[in-house]
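[1] What shape does this take:
(one chain, ligands or ions: 3)
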Amino acid sequence: MRSPKDFFKPLAVGAPAPRHEIPFRPSRMIHFFPPSNEKMRSKVPDIVPQVDVLLANLEDGVPATDKEAARAGLVEVAQNTDFGETQFWTRVNSLDSPWCLDDLTAAVLEAGEALDVIMIPKVEGPEDIHYVDRLLAQLEAKAGLSEPLMIHAILETARGVANVEEICLASPRMQGLSLGPADLAANRRMKTTRVGGGHPDYLVRQDPIDGDIESDRTIYQQDLWHYTIARMVDACGTAGILPFYGPFGDIADVVACEDQFRNAYLLGCVGAWSLHPKQIDIAKRVFSPSPESVAHARRVVEAMGDGTGAIMLDGKMEDDASCKQCQVVLSLAKELADRDPELAEAYGF
Ligand SMILES: CC(=O)SCCNC(=O)CCNC(=O)[C@H](O)C(C)(C)COP(=O)(O)OP(=O)(O)OC[C@H]1O[C@@H](n2cnc3c(N)ncnc32)[C@H](O)[C@@H]1OP(=O)(O)O
Ligand SMILES: O=CC(=O)O
Ligand SMILES: [Mg+2]
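    Ligands and ions are numbered 1, 2, ... in the order given. Model prediction:
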């Protein structure tokens, strides 16, 4: 482990100084597109204003035969797009793949000015982040970048989950984590074949009615991902970085997608991946606090004065802690309103 005294020193001569804080910019959806696909690339100018984060995906979902084309597509989009307020990220191939080194090299040297964050899949431990950290510093120095790129890791192996706290704390570049339920399910030998979301067989059943086990008992489907998301949120909170839910593969089931995203929002995630244009508005709706919750938060904060003590409001006790909960909602609303005039109006800012 690096000495705390050296934690914020650049890892290569000429590399930009590491950040002391991870900037929070609206990140309700990380919109994935395969940059090898010319038709999808042509949609980028229309999609950019609709999303908080656009991500050029080089990893899973891009066929092995298209990896070079995807890398070239990333560079083309980086060099020819006006991103405005939208963040631009890429997901490179995994560290053990034949493509990762060339992906990282092209991303920094040819797309580094446009990129905010590099997503690293299948991160297993802090050693993976240390490797990328040093390599990025060398490449940034070579490219003459003035701002350090940030790293986002996907939590998608059992070992990654076991090491999640050390991963989050491994580098000042760590920006956040996403849950990768598909690879994680495979790696853990879970028996769901779905990309995220629930499973009808993962359930709790009501007790027998009048002792009759054959009685018509209600079943309650449970959330397969609760433990991992909650653990990820705590690890990110400890390190001052941002947690995200990942993919929801049942594109047609917009209702269950919204439920999964909302569970993640309530547990503390700041956003989720959108794989299809249909999922962009779902994420926007879910990860923006409702105008009602903002109005309630504002009332509590105003009624609490300096934020200390205990009061009754609408029959409920409010105190220092609930005031802080309301401040979380208000500060998110403020950040989103600064970017989105419709939300600013709905929130009354
Ligand atoms: C487990 C993981 O790693 S998840 C991450 C990896 N996977 C991905 O990134 C998948 C990204 N998404 C996609 O590639 C596509 O959405 C697919 C393959 C799932 C479905 O694509 P299609 O069959 O074309 O879907 P569909 O016909 O409903 O698309 C409707 C329109 O939206 C466009 N579209 C679909 N997905 C996207 C996208 N992600 N970004 C931009 N446009 C898109 C289509 O090109 C189509 O455009 P058109 O109306 O001009 O023809
Ligand atoms: O990469 C994402 C996943 O779910 O796997
Ligand atoms: Mg994956």
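[2] hang on, L11 packs against Y131?
    No. Counting by CB atoms under 8 Å, L11 stays clear of Y131, with 10.8 Å between them. The C-beta positions use only the backbone N, C-alpha and C, and glycine is treated the same way.
[3] of the two, who's got more company?
    More crowded of L11 and Y131, by other CB atoms under 10 Å: L11, with 20 against 14.
[4] Quick check: nearest residue in space to the more buried one, chain neighbours excluded?
    Computed as CB to CB, 6 or more residues apart in numbering, the closest residue to L11 that is not its neighbour in sequence is A137, at 3.7 Å.
[5] What of A69?
    In space, and not counting its chain neighbours, A69 is closest to S36: 4.0 Å by CB to CB, 6+ apart.
[6] And what about the one you found, helix, strand or coil?
    Classification of S36 by DSSP: H, G, I helix; E, B strand; the rest coil places it in coil.
[7] Quick check: it touching L74?
    No. S36 lies out of contact with L74 (CB under 8 Å); the separation is 9.1 Å.
[8] Between these two, which has more neighbouring residues?
    Using other CB under 10 Å as the criterion, S36 and L74 rank with L74 on top: 28 against 23.
[9] so that one sits in a helix?
    Yes. Counting by three-state DSSP, L74 is located in a helix.
[10] For ligand 2, see how far away the residue nearest to it when sequence neighbours are not counted is.
    Residue nearest to L74 in three dimensions, not counting chain neighbours: A56, with 4.2 Å by CB to CB, 6+ apart. Note on A56: its distance to ligand 2, by CB to the nearest ligand atom, to the nearest Å, is 15 Å.
[11] How about V53?
    For V53, the distance to ligand 2 - CB to the nearest ligand atom - is 15 Å.
[12] do the same with L203
    Distance, L203 to ligand 2, by CB to the nearest ligand atom: 22 Å.
[13] ditto for R25
    From R25 over to ligand 2 the distance is 22 Å, taken as CB to the nearest ligand atom.
[14] Pop out the phi and psi values for the nearest residue to that residue once chain neighbours are set aside.
    Among residues not flanking R25 along the chain, Q87 sits closest, at 6.1 Å (CB to CB, 6+ apart). Q87 adopts backbone torsions of phi -80, psi 150, taken as degrees, to the nearest 10.
[15] hang on, Q87 packs against L54?
    Yes. With contact defined as CB under 8 Å, Q87 reaches L54; the gap is 7.3 Å.
[16] so how many other residues sit close to the residue nearest to R25?
    Neighbour number of Q87 under other CB under 10 Å is 21.
[17] in the sheet, who's paired with the residue at minimal distance from the centre of the chain?
    Compute the mean C-alpha point of the chain, and by CA atoms, centre = their mean the closest residue is F244, 2.9 Å away. Under DSSP bridges, the beta-bridge partners of F244 are S178, G271.
[18] Please name the residues that touch it.
    With contact set as CB atoms under 8 Å, 6 or more residues apart in numbering, F244 has these partners: 27, 30, 152, 176-179, 264, 269-273.
[19] Pull the most distant pair out of these.
    Spanning the widest gap among the contacts of F244 are H152 and A264, at 15.5 Å by CB to CB.
[20] Of the two, which one has the most company?
    A264 (29 against 26).
[21] Mind giving me the packing neighbours of the one helix or strand that one maps to?
    Here A264 is covered by helix 254-267, with elements defined by DSSP states H and E. Where contact means 3 or more CB pairs under 8 Å, 6 or more residues apart in numbering; DSSP states H and E, helix 254-267 is packed against helix 226-239, strand 272-274, helix 278-286.
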